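Chemist: build me a model from this:
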Amino acid sequence: MSRRRRITMTIALVVLGLTLGGVYFTRGVMEYLPFLQAKKGNWTGAYVARGIVDQRPWQTAATLAPLAKSAEEKDLAREAERLADHEVDQAFSQSLGQASLEVPKLDGRGTELQARVTQLHSVVEGDQRRVAELTKQLAGQDGSSNDLELAKARLELDKNELADAVDDLARGTGDQRVKLRQELTARKAAMKKYNDQAAQDEGQTAVSTAEQYNTLSHQIAAWWSHRDRIRLIAQAADLARADVKALEGDQKLLKAKFDSGARPPAATPSVGRDQLDRLATQQSILSIVSNRLDSQQQLVSVYERWGRQVGIQDQIVKHLMLRSLAMIAGICVIMILAAWGLQTLVEKMVTDLRQRQAVRTIVSLAAQVAGLSLILLVIFGVPPQVTTILGLVTAGLTVVFQDFIIAFCGWFVLIGPNGIRVRDWVEIDGVGGEVVELGLFRTWLLETGNWTANGHPTGRRVSFLNGYAIRGKYFNFSTVGQWMWDEIKVTIPPATKIHPLVEEIYKATVTATEADAEMAEAEWKRVTHETGSPQFSAMPSVNMRPAGASVDIVVRYITRAGVRLQKRNQLFEKIVDLMQVAGAA
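Modeler: Residues are numbered from 1 along each chain as shown. Next up is the predicted model:
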């Protein structure tokens with residue numbers, strides 16, 4: 001490993017260690033639910049709304065409600081909210097009753113406030129009597145409506161002043177009833193807002209909800225979510241059980257206190273009205289505690305049923321996960337068997353060892369790609385933007401495999417009437433030879449030497465992508481009778497008479513190629529659709545070229561590609577005979 005890679009690896013490992021440490025030390029921030037702090041005894045922290053009355057049952061139920069997924073869970077969540085709401089209402093009633101039993105201690109300031117409250121009570125009662133009298137007089141048409149309106153306004157003013165005085169007295173003496181009423185008013189307003197915003201979606205059944213997880217990744221995520229929900233619901237149930245135990249203790253204490261108190265007979269004349277009111281209040285508080293205890297016990301039952309319901313959904317998701325894993329295993333088995341079967345078929349059909357190995361590799365790779373694609377579909381499902389992805393993939397494949405695409409299109413050109421066939425003599429990109437194989441993507445030639453040289457095969461097999469039929473050019477010497485121009489060259493010694501020999505060679509060439517020339521001209525005329533004399537002449541030509549003291553004679557003539565060697569030997573034989581005759585003369 002190079003120094004740069006070692007430094008990069010070290011930095012990456014340090015960053016990984018720091019981030020994992022940060023994730024571990026900040027893991028508590030994921031505990032977003034209020035009741036998660038219950039076991040730590042941190043109910044007065046930021047997670048719980050501050051107040052006199054403990055509203056944890058409602059906060060727990062309201063926090064768990066959004067976690068409900070199926071219709072069964074939503075029903076249980078609504079039942080938990082109803083019971084928790086009732087329990088908190090009873091807690092407020094109990095707190096108000098207990099606050100009424102506590103007699104506030106009055107100091108100097110408290111005595112003044114109490115005297116003012118008493119005075120204002122008398123004033124308000126006088127205002128009420130005045131309003132009643134004016135109302136009665138107005139009914140007899142003896143009073144003025146203006147006086148009545150003025151009396152009502154005075155009554156409202158004195159009532160507001162009395163309310164302010166009562167609040168001042170409560171704050172000065174530590175009376176909790178005012179604060180409890182304010183907190184209860186705020187709770188009612190919050191409950192109204194919560195009920196107005198509550199969703200009306202009934203949801204689907206547990207089986208229908210679980211069946212929506214049709215991919216392994218969704219099933220794993222749902223299974224993990226179920227584990228968290230089961231844990232949270234179990235914690236909520238534990239909190240409800242703890243509240244049950246606490247309420248049972250309160251019930252025992254209140255009952256013992258109520259039973260041990262001097263409860264005089266109702267007929268005893270010495271019993272004061274205040275004492276009877278206190279006994280009635282204590283009995284009402286005991287009844288409220290019993291009601292709260294019953295609500296908390298029902299709440300425990302609801303949470304237990306909710307946990308069992310989530311457990312059922314967890315079992316359904318586990319079943320779906322096992323089914324997905326079975327599908328993946330089945331795909332693997334099928335792909336292995338398919339690859340084995342195709343390779344066996346290739347071994348029987350392909351005899352060439354190298355070609356067989358190549359085809360086996362392609363078959364194995366294709367099976368692996370197909371199997372991996374199916375497994376990914378099982379795990380992640382079909383991508384949401386299938387058309388967009390297919391378009392991008394198609395565009396990318398087109399760019400990557402454009403040569404093969406053009407080669408495939410070129411194959412249709414080559415198999416057309418003006419294309420090439422096996423055993424044709426062609427020239428492609430400057431390489432001449434005989435076509436030995438014409439495939440969908442490639443053309444194979446058996447290379448030969450230059451046409452004007454010997455024309456013998458070199459033994460090399462040359463391959464071309466068929467794209468040359470579209471983007472390039474090729475020469476087919478086997479079309480239109482496979483006619484081609486060939487030439488031979490001979491050197492005349494200095495002592496030989498040149499001109500008579502050239503005439504004789506020309507006559508011999510014309511005689512030897514006359515039939516081929518006529519046939520070539522006729523075919524050229526047919527191909528070019530000409531009328532009259534053809535523009536192209538197939539007559540041979542004999543040219544002289546100086547070569548030092550000697551003279552080179554170049555004979556050019558038309559012949560067919562398949563018999564060019566025989567025609568060349570025949571002309572060489574005649575020229576040699578003519579040269580011998582000319583030399584003897």
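Chemist: and stretch 347-354, what's its mean pLDDT?
Modeler: On average, the pLDDT along stretch 347-354 is 74.
Chemist: for stretch 12-32, same thing?
Modeler: Here stretch 12-32 scores 70 as its mean pLDDT.
Chemist: and what of stretch 134-153?
Modeler: According to the model, stretch 134-153 has a mean pLDDT of 74.
Chemist: for stretch 496-514, same thing?
Modeler: Mean pLDDT, stretch 496-514: 85.
Chemist: over to stretch 576-584?
Modeler: What stretch 576-584 shows for mean pLDDT is 80.
Chemist: do the same with stretch 234-244
Modeler: 87.
Chemist: next one: stretch 439-453
Modeler: Mean predicted confidence for stretch 439-453 is 76.
Chemist: also stretch 93-113?
Modeler: So the average pLDDT for stretch 93-113 ends up being 66.
Chemist: what is the end-to-end distance of it?
Modeler: End-to-end distance of stretch 93-113: 26 Å, with Cα to Cα, to the nearest Å as the criterion.
Chemist: also stretch 541-558?
Modeler: Terminal-residue distance, stretch 541-558 (Cα to Cα): 10 Å.
Chemist: list the buried residues for that stretch?
Modeler: 542, 551, 553, 555, 556, 557, 558 (16 or more other Cβ atoms under 10 Å). C-betas here are computed from N, CA, C, even on glycine.
Chemist: isn't the last one up against residue 523?
Modeler: No - with contact taken as Cβ atoms under 8 Å, residue 558 and residue 523 are classed as non-touching, separated by 10.8 Å.
Chemist: neighbours around residue 132, how many?
Modeler: When counting by other Cβ atoms under 10 Å, one arrives at 11 neighbours for residue 132.
Chemist: I meant residue 10, not that one.
Modeler: 10.
Chemist: after the worst-scoring helix or strand of the chain on mean pLDDT, next one along is what?
Modeler: Least confident helix or strand, the chain: helix 206-211 with a mean of 55, by mean pLDDT, DSSP states H and E. Going down the chain from helix 206-211, the next helix or strand is helix 216-260, by DSSP states H and E.
Chemist: helices and strands around that next one, which ones?
Modeler: With contacts taken as 3 or more Cβ pairs under 8 Å, 6 or more residues apart in numbering; DSSP states H and E, helix 216-260 sits against helix 56-64, helix 273-349, helix 353-380.
Chemist: among these, which comes closest to residue 9?
Modeler: Minimum separation from residue 9 across the helices and strands packed on helix 216-260 (Cβ to Cβ) falls at helix 353-380, 28.9 Å.
Chemist: counting contacts, what elements does the closest one pack onto?
Modeler: helix 216-260, helix 273-349.
Chemist: can you put those helices in a markdown table and add mean neighbour count?
Modeler: As requested, those are arranged in a markdown table below (neighbours: other Cβ atoms under 10 Å):
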| stretch | mean neighbour count |
| --- | --- |
| helix 216-260 | 16 |
| helix 273-349 | 16 |
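Chemist: okay, these in JSON lines with distance to residue 427 next?
Modeler: Below are the helices and strands packed on helix 353-380 laid out as JSON lines (distance: least, Cβ to Cβ, whole Å):
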{"stretch": "helix 216-260", "distance to residue 427": "58"}
{"stretch": "helix 273-349", "distance to residue 427": "34"}
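Chemist: quick one: closest of these to residue 133.
Modeler: Distance to residue 133, taken as Cβ to Cβ, is lowest for helix 273-349 among those, at 29.8 Å.
Chemist: run the angle between that closest one and helix 56-64 for me.
Modeler: 20 degrees (axes from the mean of the first three to the mean of the last three Cα atoms, to 10 degrees).
Chemist: chain center to helix 273-349: distance?
Modeler: Helix 273-349 has its C-alpha centroid displaced from the chain centroid by 25 Å (Cα atoms, centre = their mean, to the nearest Å).
Chemist: for stretch 64-74, same thing?
Modeler: 25 Å.
Chemist: ok so residue 421 is a helix residue?
Modeler: No - read with DSSP: H, G, I helix; E, B strand; the rest coil, residue 421 is coil and lies in no helix.
Chemist: where's the closest residue to it other than its chain neighbours relative to residue 477, distance?
Modeler: Closest residue in space to residue 421, ignoring its immediate chain neighbours: residue 435 at 6.7 Å, by Cβ to Cβ, 6 or more residues apart in numbering. To residue 477, residue 435 is 11 Å away according to Cβ to Cβ, to the nearest Å.
Chemist: what residues are shared contacts of those two?
Modeler: Both residue 435 and residue 477 are in contact with 424, 425, 426, where contact means Cβ atoms under 8 Å, 6 or more residues apart in numbering.
Chemist: now the host helix or strand of the last one - C-alpha only, CSV.
Modeler: Residue 426 belongs to strand 425-428 when elements are defined using DSSP H and E. Written as CSV, here are the backbone C-alpha positions of strand 425-428 (Å, rounded to 0.1, in the frame of the first residue of the first chain):
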residue,chain,number,x,y,z
TRP,A,425,-13.5,-12.1,-52.5
VAL,A,426,-13.6,-8.8,-50.8
GLU,A,427,-11.4,-5.9,-49.5
ILE,A,428,-12.3,-4.2,-46.2
